[in-house]
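Novice: Here is my input; please provide its structure:
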Amino acid sequence: MSGRRVANARLGDLLAEAGWSGAELARAVNALGTLHGLTLRYDRTAVAHWLSGTRPRRPVPELMAAALTERCGRLVTVAEAGLGAGSAGPGVPTGPAAAPEEGGLLRLALRARADADPHGRARLLRSPYQPVPVPAAVWDPDPAEGEGPGSDPGSDPGPGPGPGPGPGDARTGAVARTGTGMSELAARRHLAAHAEQLRALAGSFSGLYLTHGGVHTRTALAAWLAQDAGAFAARHTEGPGPAVRVRGAAGRAEAGPRCGVAEVCRGYAQLAHLLAEMTADSGYHGLAQEYHGIALGLARQAGDRRMYAITLRAMSAHAGRLGQPAHAVRLARTAVETAPADGEPGTMAFLLVQRAAAHAHAGHRAAAAADLAAADRSHGRHAADPPEGPFDSYARADLDFARARTHLALGEFPAAAEALERSLHGRAAGQHRATALTHAALAETLLRLGHLTRACEHWRAFLTAAPAVQSRAVREALGRLLRDLTPYRRTREAVPTVAMARALAERLP
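Specialist: This next block holds a predicted model:
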């Protein structure tokens, strides 16, 4: 009979490999659903139906695959779980050989265009997070991607110190006397100017994100990328491949000068990274995962292993927040191993403190402590001469906040409270999102330590900063506030705090 269901032996085999009962799988799926903002109430009966051949609606198959991936310590796809060909979201690869960085500038433009379309973005926003293979910790960028023949990945000569060739440069002078030379010089200058514009935009959008959160800011960035990245890809890409190449004189395709194409790709990688972070902050985790993958591909195309490592670090933090500690550790390790060994010490501190947090959540206490100490040493060297820029500087306040996450995961609440206090004292004025979340984390920590009065003080500070922020993280912190203060709602210290929280909850979207 064609309509008869076939038992899902693949799922049964995976349950045996995981050493899970049906009830344990159901609890894991429910827990991951909560982290994705879903309320799921599956039990062993539902798992029995799945084993008999029933297929749940999305995103449950992806959540099931993610839970089994974490439990089994290897990638488990939707297809392997016997739940159909599956998709981890539009454009997110699910096969075991797929890499998270596939695609490039054209993929960014197309995805941003769909994201910016209010009528077509619903499917994108519903796409769930699912672990994909971690790239190998080997840096071997394709020389065809963003690098011309003979280009030096460590050099960045720029468009030249002046408006024209120097009097002693016979080769450049000869080029300038031809139409071909002038065309190539104009192309170089255009690329340099575009790269400068991308750097400025990264600074602006990063500031908006730190100040007001990602919910509304991300839609503006997606709309801008849909237009600009698409136009740039149309002008400078030839053929179906992902590599960006400059159209030279007489219409021939030439690998772009290192100072041009690579810098432009780096700028788009930074903007894709920011869009991923804002999208995750908005609670759209599958789409955020795809933007992270696009940022990885563009960083590799630019030959920028530092930006590549920074994006892997962000992916590790994202995985950790979504209940994937083992996957977070693998990503954090690869980020540290991929980063330039002689790179800027602030970057290494940034990477190491995330690896510490990932180790802590996975129960690796000694490794977490060692990474915290190493991160402190690296940041000490960084603080002596900090560079500027959203992807270059690493404030001590941010390091202390990340340290607190590690202490919390290890159950070291006094140390976490101390780190959060230092983070607050170091916060720059106007960073409403970071300030609000730091106050909330400190309030939760103080309550665990039994300090209700001080906890309420910080919660009221959180409630004061929160209205300026549109962020899923802030919304979730407000929910935890109302939950944690429920037992104290009639005490003198908590009454005004609960009233403020309820008033804010009625007004937040």
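
Novice: Pretty sure I310 sits against T347.
Specialist: Yes - in this structure, I310 is within contact of T347 by Cβ atoms under 8 Å, at 6.9 Å. Using the backbone N, CA and C atoms, a C-beta is placed for each residue, glycine as well.

Novice: now stretch 337-357, how far from the centre of its chain.
Specialist: Distance, stretch centre to chain centre, for stretch 337-357: 16 Å (Cα atoms, centre = their mean, to the nearest Å).

Novice: Hmm, I typed the wrong one, I wanted stretch 392-409.
Specialist: Using Cα atoms, centre = their mean, the mean C-alpha position of stretch 392-409 is found 16 Å from that of the whole chain.

Novice: what mean pLDDT does that stretch have?
Specialist: Taken as a whole, stretch 392-409 has a mean pLDDT of 94.

Novice: got the contact list for that stretch?
Specialist: The contact list for stretch 392-409, computed with Cβ atoms under 8 Å, 6 or more residues apart in numbering, reads 344, 346-347, 349-350, 353-354, 356-357, 359-361, 368, 372, 375-376, 379, 382-383, 386-387, 413, 415-417, 419-420, 422-428, 434, 437-438, 441, 445.

Novice: buried subset of the residues you listed?
Specialist: 344, 346-347, 349-350, 353-354, 356-357, 359-361, 368, 372, 375, 379, 382-383, 386, 413, 415-417, 419-420, 422-424, 427, 434, 437-438, 441, 445 (16 or more other Cβ atoms under 10 Å).

Novice: In helices, which of those residues fall?
Specialist: Among the buried ones among the contacts of stretch 392-409, the ones falling in helices (DSSP state H) are 346-347, 349-350, 353-354, 356-357, 359-361, 368, 372, 375, 379, 382-383, 413, 415-417, 419-420, 422-424, 434, 437-438, 441, 445.

Novice: nearest residue to A461 other than its sequence neighbours?
Specialist: Leaving aside its chain neighbours, A461 sits nearest to H439 (4.4 Å; criterion: Cβ to Cβ, 6 or more residues apart in numbering).

Novice: Any idea how many residues pack against that neighbour?
Specialist: Around H439 sit 25 other residues, with neighbours defined as other Cβ atoms under 10 Å.

Novice: Settle this for me: it is touching F462, isn't it.
Specialist: Yes - shown here, H439 and F462 form a contact pair, counting by Cβ under 8 Å, at 3.9 Å.

Novice: Give the buried residues for the longest helix along the chain.
Specialist: Taking DSSP H as the criterion, the chain has its longest helix at helix 179-212. Across helix 179-212, burial judged by 16+ other Cβ under 10 Å covers 181, 184-185, 187-188, 190-192, 194-195, 198-199, 201-202, 205-206, 208-212.

Novice: any idea of the pLDDT on the closest residue to R305 other than its chain neighbours?
Specialist: Excluding its sequence neighbours, the residue lying closest to R305 (Cβ to Cβ, 6+ apart) is W139, at 4.8 Å. Per-residue pLDDT puts W139 at 73.

Novice: Quick check: W139 touching A341?
Specialist: No - under the criterion of Cβ under 8 Å, W139 is not in contact with A341, lying 10.6 Å apart.

Novice: who's in contact with stretch 21-28?
Specialist: Stretch 21-28 is contacted by residues 15, 18, 20, 42-44, 46-48, 51, 64, 67-68, 70-71 when judged by Cβ under 8 Å, 6+ apart.

Novice: Just the buried residues of it, please?
Specialist: Those would be 22, 24-28, for stretch 21-28 by 16+ other Cβ under 10 Å.

Novice: Could you dump those into a markdown table with secondary structure added?
Specialist: Shown next, in a markdown table, are the buried residues of stretch 21-28 (DSSP: H, G, I helix; E, B strand; the rest coil):
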| residue | secondary structure |
| --- | --- |
| G22 | helix |
| E24 | helix |
| L25 | helix |
| A26 | helix |
| R27 | helix |
| A28 | helix |
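
Novice: in the stretch 301-450 of the chain, which segments are predicted with low confidence?
Specialist: Counting by pLDDT under 70, the stretch 301-450 of the chain contains no low-confidence range.

Novice: And the strands in this structure, which stretches?
Specialist: Taking DSSP state E, the strands of the chain run over residues 246-247, 253-254.

Novice: Domain-wise, how is this structure divided?
Specialist: 9-72, 100-303, 336-425, 429-509 (automatic domain parsing).
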